[in-house]
Every structure is written in C-alpha cells, then in structure tokens.
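[1] Compute the structure for the input listed below.
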Amino acid sequence: MPSIFSGIGSANPIIGVFVGNTKQIVRSGRSLPHYGPVASLCRALNATAYIFSPQDIDYRKHQINGIAFDRKRGQWIRKKYPFPHILYLQGGLEKLDPKELARFQLAVKSSKIRPVSSPLEFNKWEVYRILYSRSSLRPYLPETKLFRSAAADLEPMLKRYGAVYLKACRGRRGEQVMRLALLPDKAYHCCYFNEKPVASRLKNFSQAVETIQAFFRRRGFVVQQPIDLIEYKGKKVDLRAEMQRNGEGALEILGIPVRVALENSPITTHALSYRFEKFFLEMMGYNEAALQDLRSRLNSLLYRIYQSLESRYGPLGEMGIDIGLDKKGNLWVIECNALSAMVSLGNAYEEKTVLRAFGNALDYALYKHRQNTAEKYKN
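    Below you'll find the model as predicted:
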C-alpha cells in the first residue's frame, strides 16, 4: 500500500505544529504571540502550516482537524488538513496515555512524517548513559541510578547524600519529579510539584517507599544525587539553554534564561525567569570578567552535550538543556529536553527572540525537507 505521503518531495511542504490543546487557542480569539507568526513565516517560505493537538487527529481518515489564524477575519479558522510532511512539536505528548502515544508515534513513522527533532522525547536514563560514555562529560553528571529496588538503589544514595531527586525516565515540565530528604529524627521530607509545591513528612522508610510507588505508578524512574545550586533570596536557581539548528543546519544557542524557583518548590520549572546577563550582572553582582568566564565554560559544555546526543540520535532540530551552577562555581547537567515549549525564554527575552526560535525551527525543517527531496531525486 503506498504511503499517504507519496508527494513528500513536493515543492510546497505542509508543516504541522503540534500543541497541547487547540481549543484554548481558538477560545482566545486572537493571534497568540507564539503561534500567530507561524503562518506568516510559512507563507514567506512557500509552505503551508497549521496547528493541531492530540484530539484533532483522525487516524482512520488520515486527516487532521487543524487550525490556522486568518488575519483578515481576525480569528482562528478550523479546517481539515492532510497529515503534514514536517512535524514541529511544541508540547502535548505528555497529555497522551501510553497507548495513544504509541499510536501517534507509529503514525509519524509509517506516514514518513519528518519531525523537526527526533526522537519525539528523551528517556532520562538513556540520555545519562550516552553522556556518561563521554569521559569529558562525566565530571558534569550527578550520580544517577536506575531504580530497581529501594534497598539497592534508594537507601544507599539517601545515606550518602542525605537527599535525592527521583525523576521519571519519561516526563516533562517537572510533573514527575520528587525530592526526598532524610531528617535528623530518621523521618523523611517529601516534596513535588502538582500545580503548586506539595510537601509532606513521612515517618519511616517504608512509608517513603509507599509514597514513591504511588507517585510514579509503575513508571520507570532514576535516583539522582542532589546539586547544591546557587540561590537568589533563598530560592534555588538553574539555567535553561535553548539550542537550535538554523536554516543552514548550523547549531546556535538562542538564549539562556535563568530560572528562580518558587518558594518550597523542588524544581525551577514554572519559575520566574531572567535574562542571563541581567541576572548575573545586576542581581548576583558578577563583573564582566566573571560573566565571560561562566559563559565560556557554559557554551563549551552545551555544545558537547548537544553533539554527544546527536551522535546517538542523529541531527536534532532543537533541544532545551537544563544546567545547574553550584555554590562552588561548578556546572552540572540536570536534564536534556527533546521538546521545549520555550516558556522561560518567552518570559525572559524580547519577542524577537521568541520569533527567531520559531523561525529557526521552520527554516531547519525546510532545510531538512530540501535535503531529503534532493536525496530522493538523486536515487
């Protein structure tokens, strides 16, 4: 049976932007800063684009009930589109249950849809092992174990560090992250984020294990060494680097927002965000020399991380990389994100930077499309 994308070499590719919920966009009744420019960019690049979410997919008819912003009418228009040639993911996969996620991934693969970034999501344990295989990156990696049993993997690390972070192997936006700390009276303090920071006291190790099992619900997770992160006014701070390949395939760092955690939150996701330069110069009192030293070390680490993961997964259109800076000035790799909604970037940087992020992603998608088309006709 021929692919529904027999026209994949078309001069006018179709780009689908995958988001969590198009109904929220339509209800807004306006061209949102993040999504409105997509159509204009695509028209300039001689491409068609629409936005869709999981509930908009009709697998049986190979159609998508997507939306596009009509500037003349000043509203979002919904219509039926074919599956795209190119897929730009902007979140939404985390809303799919495992069965729906598998169905979506199969449709992408069998229909020869080309994601801007592949894989569609990272497995934290797999990413850790890839980075750990590079001796130059090992000093930047907190000790990490794949959880198999509480006695073998959890208890020893709690005794060694006094606290640990537990993270689902697959999960985004801090929704599957827990911090567990051993208290002086041998009880435990547990905290996680569920729309807001949630904390509880657990009287013994058995209760802690029960709480962990209920939290992860049979999902695989890793146990990780805590990092003594720098703080601002008593709140944890980390860095989110947004990296992309542009329309020429070149890798660039778009921005590095600094995230300051909410009070009592174990993570900096959903936090306040600041421009890199502003935070370190104005809020932390760095001088220019100290700022340049940090930037140089950070940039070197980021490029090595990106290229190491590309050696395993192939070219990646974009990635969000979370980096920790400890109180001794050491850099640590916290997490790599195959998909980034770029919320922190949008909160910390001006609109033109956010538009550049979308422009880069679409330019790179079309760059890959042209490459693939050229290869097809060469063969």
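[2] can you pull the contacts of F18?
    51-53, 87-93 (C-beta atoms under 8 Å, 6 or more residues apart in numbering). (Glycine included, C-beta is placed from N, CA and C.)
[3] My error: substitute P139 in the last question.
    Shown in contact with P139 (C-beta under 8 Å, 6+ apart): no residues.
[4] Check the secondary structure at it for me.
    Three-state assignment for P139 (DSSP: H, G, I helix; E, B strand; the rest coil): helix.
[5] Y306: neighbour count?
    Per other C-beta atoms under 10 Å, the neighbour tally for Y306 reads 21.
[6] and the closest residue to it other than its chain neighbours, bridged to which residues?
    Nearest non-adjacent residue to Y306, counting by C-beta to C-beta, 6 or more residues apart in numbering: M243, 5.6 Å away. Beta-bridge partners recorded for M243 (DSSP bridges): I253, M319.
[7] between the contacts of F18, which has the most around it?
    I51 leads the contacts of F18 on contacts (other C-beta under 10 Å) with 28 neighbours.
[8] May I ask which helix or strand encompasses it?
    strand 48-52 (DSSP states H and E).
[9] Check which helices and strands whichever helix or strand comes after that strand sits against.
    The helix or strand immediately downstream of strand 48-52 is strand 57-58, counting by DSSP H and E. Where contact means 3 or more C-beta pairs under 8 Å, 6 or more residues apart in numbering; DSSP states H and E, strand 57-58 is packed against strand 63-70.
[10] if you set the cut-off to 10 Å instead, what comes out?
    Under the contact criterion of 3 or more C-beta pairs under 10 Å, 6 or more residues apart in numbering; DSSP states H and E, strand 57-58 touches strand 63-70, helix 98-110.
[11] Redo the ones you listed as CSV? Include mean neighbour count and distance to A290.
    Output for those, formatted as CSV (neighbours: other C-beta atoms under 10 Å; distance: least, C-beta to C-beta, whole Å):
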stretch, mean neighbour count, distance to A290
strand 63-70, 20, 44
helix 98-110, 14, 44
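[12] mind giving me JSON lines with those and columns for distance to Y140?
    Converted to JSON lines, the helices and strands packed on strand 57-58 look like this (distance: least, C-beta to C-beta, whole Å):
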{"stretch": "strand 63-70", "distance to Y140": "41"}
{"stretch": "helix 98-110", "distance to Y140": "30"}
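[13] V116 is nearest to which of those?
    helix 98-110 (11.8 Å; C-beta to C-beta).
[14] pLDDT of the helix or strand that contains L298, averaged?
    For L298, the element it lies in under DSSP H and E is helix 288-313. Mean pLDDT, computed over helix 288-313, is 96.
[15] Of all the residues in it, which ones are buried?
    291, 294, 298, 301-302, 304-306, 308-309, 313 (16 or more other C-beta atoms under 10 Å).
[16] Return the closest of these with respect to K79.
    Y313 (34.0 Å).
[17] Quick check: the residue lying closest to Y59 once chain neighbours are set aside vs G66, distance?
    Nearest non-adjacent residue to Y59, counting by C-beta to C-beta, 6+ apart: A107, 6.2 Å away. Distance of A107 to G66, given as C-beta to C-beta, to the nearest Å: 15 Å.
[18] try Q207
    Going from Q207 to G66 by C-beta to C-beta gives 48 Å.
[19] Please enumerate the strands of the stretch 251-379 of the chain.
    251-255, 258-260, 272-274, 318-325, 331-337 (DSSP state E, counting those that start in this stretch).
[20] For the residue nearest to E231 when sequence neighbours are not counted, pull up the helix or strand it's in.
    Nearest non-adjacent residue to E231, counting by C-beta to C-beta, 6+ apart: V237, 6.1 Å away. Under the criterion of DSSP H and E, V237 resides in strand 235-245.
[21] So which elements touch that strand?
    Looks like strand 235-245 contacts strand 251-255, strand 258-260, strand 272-274, helix 288-313, strand 318-325, strand 331-337, helix 343-348, helix 351-378 (3+ C-beta pairs under 10 Å, 6+ apart).
[22] Which one of the ones you listed lies nearest to K61?
    Nearest of the helices and strands packed on strand 235-245 (C-beta to C-beta): helix 351-378, 24.3 Å.
[23] thought K186 was touching Q207?
    No: with contact defined as C-beta atoms under 10 Å, K186 does not count as touching Q207 (11.7 Å).
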